[in-house]
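Novice: With the sequence up front, the predicted model follows.
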Amino acid sequence: MPSSSASGTGSLGSRLGRIRGSKDHKKVNRKTQPVNEKFLPGWKKLSSFVYYRQDISESPFGSVKIIKEGAPFLTGSHDFNIEQLLFYDLETTGLSGGAGTLAFLAGFGWTEQNRLIVNQYFLSDFPGEVDFLLRIKELLAENKILVSYNGKSFDHPLLKTRFLLKGMQMPVLSEIDLLHISRRLWKNRLPSCRLGVIENNILDIHRVGDIPGIDIPDVYFNFLKNSQTDKLQDVFKHHLQDIKSLAFLFSHIERLWNKPEHCQDEDKTSLGKLLLLKKRTEGLTLLRTSWEDGDYDAGKFLSLYLKRAGSIVEAVAVWEEMWKKRQDIFQGIELAKYYEHKVKDIPRALKIVTTLMEKDIYLLSKKGFDKLDYRKKRLKRKLLKGS
């Protein structure tokens with residue numbers, strides 16, 4: 001994922017300036033040579049400029065083997081095996097994509113039985129990029145499904161570009177980007193949906209002494225210039241945790257999806273919405289509970305769902321309750337439409353519209369006010385015609 005995915009310190013502008021200044025490969029004053037293995041403890045040399053290490057830990061999926069059709073992160077309509085998932089992340093030489101940015105550290109994780117296996121590949125200098133990409137390509141089998149965090153917007157296009165620039169074809173695989181579903185679930189209660197924030201607040205993962213992602217390109221360029229490797233270990237550790245967190249996040253969402261009744265109270269509205277979008281009726285239960293607990297947003301979504309489903313009486317009951325608590329535009333307009341067109345109770349509809357115009361005149365845009373004024377005039381004409 002882009003190195004801006006973790007919080008950093010200092011001026012972003014100054015860091016960007018240093019990165020851009022360092023990114024011109026021709027200006028790096030150094031001798032191109034393979035890295036002495038002693039500088040990379042725990043890594044194996046695969047070729048002159050490519051190194052590799054493997055980490056094995058306990059899988060977060062437990063006994064789960066199959067992800068069923070209809071899960072919120074599915075890109076297709078079929079079940080798939082957990083072992084098809086390939087969690088991946090890149091560390092790169094810059095904060096944006098394009099031909100001038102390349103990946104120098106790539107990691108891919110997958111599960112085998114109860115183990116989570118992560119392979120990391122490190123490019124110690126630019127001449128080894130072809131070998132680096134070939135090692136990555138070996139893992140991209142046809143049946144694999146990529147899993148990333150903002151990978152569809154950053155990592156995948158960057159990797160594809162590097163393949164093309166080296167005259168190679170990157171295998172075509174489907175991809176699940178967990179950033180998008182994370183935003184659906186938690187954007188309303190978290191300060192942001194960066195992976196680090198998700199770790200702290202949702203996964204209960206707390207990093208100690210973690211290097212800010214924004215500093216990582218600087219560390220790599222310093223390594224190229226003067227072979228400084230002390231900070232590289234921090235980069236490797238940060239990168240490995242990113243991939244592990246992807247697996248734990250996927251597992252957490254999978255558990256929420258299959259046992260929504262166990263979700264936290266503050267997640268009931270967002271999870272209920274997501275369930276209903278996937279035609280899971282448990283979403284209604286979550287939204288009703290959240291609405292009864294006073295969540296206004298849950299009431300809005302619940303009432304519109306009931307309206308579209310033909311349960312207009314239930315929808316009206318929600319709007320009436322919302323109107324008693326708060327005379328806002330949403331429930332006011334819905335009730336006005338209902339009493340005008342369904343019940344033909346013109347006086348009641350007119351009273352609601354008049355209340356809205358008197359109450360919220362300064363909160364409405366001119367267009368919104370004009371719409372209410374038009375509705376009010378129409379209701380008055382109907383009232384006169386009826387009398």
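Specialist: Cool, the structure landed.

Novice: Number of residues surrounding residue 141?
Specialist: 11 (other CB atoms under 10 Å). All C-beta spots, glycine's among them, are computed from the backbone N, C-alpha and C.

Novice: tell me the contacts of the closest residue to it other than its chain neighbours?
Specialist: Of all residues not flanking residue 141 in the chain, residue 171 sits nearest, at 7.8 Å (CB to CB, 6 or more residues apart in numbering). Shown in contact with residue 171 (CB atoms under 8 Å, 6 or more residues apart in numbering): 137, 140-142.

Novice: what about residue 171, which SS state?
Specialist: Per DSSP: H, G, I helix; E, B strand; the rest coil, the secondary structure class of residue 171 is coil.

Novice: and residue 206, how many neighbours?
Specialist: Residue 206: 9 neighbours (other CB under 10 Å).

Novice: Checking it next. Helix, strand or coil?
Specialist: Residue 206 - assigned by three-state DSSP - is coil.

Novice: you'd agree it is up against residue 199?
Specialist: Yes - using CB atoms under 8 Å, residue 206 is in contact with residue 199, at 7.3 Å.

Novice: ranges for the helices of the stretch 1-150 of the chain?
Specialist: Applying DSSP state H, counting those that start in this stretch to the stretch 1-150 of the chain gives helices spanning 12-23, 129-139.

Novice: Show the residue spans covered by the strands in the stretch 1-150 of the chain.
Specialist: Taking DSSP state E, counting those that start in this stretch, the strands of the stretch 1-150 of the chain run over residues 44-47, 50-58, 66-67, 80-81, 85-92, 103-112, 115-123, 145-148.

Novice: looking at the helices of the stretch 1-150 of the chain, which has the lowest confidence?
Specialist: Per-stretch mean pLDDT for the helices of the stretch 1-150 of the chain is lowest at helix 12-23 (a mean of 49).

Novice: Identify the structural domains in the chain and state their residue ranges.
Specialist: 3-258, 266-386 (automatic domain parsing).

Novice: Give me the distance between the longest one and the centre of its chain.
Specialist: I take that to be domain 3-258. 15 Å (CA atoms, centre = their mean, to the nearest Å).

Novice: Check which element follows the helix ranked longest in the chain along the chain.
Specialist: For the chain, the helix reaching the highest residue count under DSSP state H is reported as helix 232-258. Following helix 232-258 in sequence order, the next helix or strand is helix 268-277 (DSSP states H and E).

Novice: Can you mark which positions in that following helix are buried?
Specialist: The neighbour-count check on helix 268-277 (16 or more other CB atoms under 10 Å) flags 268-276 as buried.

Novice: Same question for stretch 53-65.
Specialist: So, applying 16+ other CB under 10 Å, buried residues of stretch 53-65: 53, 55, 59-61.

Novice: do the same with stretch 379-387
Specialist: Buried, per 16+ other CB under 10 Å, within stretch 379-387: 379, 382.

Novice: roughly how far out does it sit from the chain middle?
Specialist: With CA atoms, centre = their mean, you get 52 Å for stretch 379-387.

Novice: could I have it exported to PDB, CA atoms only?
Specialist: C-alpha atoms of stretch 379-387 as PDB (Å, rounded to 0.1, in the frame of the first residue of the first chain):
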ATOM      1  CA  LEU A 379     -51.300  21.600  -1.600                       C
ATOM      2  CA  LYS A 380     -53.100  24.900  -1.100                       C
ATOM      3  CA  ARG A 381     -54.600  24.600  -4.600                       C
ATOM      4  CA  LYS A 382     -55.700  21.000  -3.800                       C
ATOM      5  CA  LEU A 383     -57.200  22.200  -0.500                       C
ATOM      6  CA  LEU A 384     -59.200  25.000  -2.200                       C
ATOM      7  CA  LYS A 385     -60.300  22.700  -5.000                       C
ATOM      8  CA  GLY A 386     -61.500  20.100  -2.500                       C
ATOM      9  CA  SER A 387     -63.400  22.700  -0.500                       C
END
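
Novice: any idea of the mean pLDDT in it?
Specialist: Mean pLDDT, computed over stretch 379-387, is 87.

Novice: Please list the residues outside that stretch that contact it.
Specialist: Counting by CB under 8 Å, 6+ apart, 336, 340, 346-347, 349-350, 353 sit against stretch 379-387.

Novice: Just the buried ones from the residues you listed?
Specialist: Neighbour counting over the contacts of stretch 379-387 (16+ other CB under 10 Å) leaves 336, 340, 346, 349-350, 353 as the buried ones.
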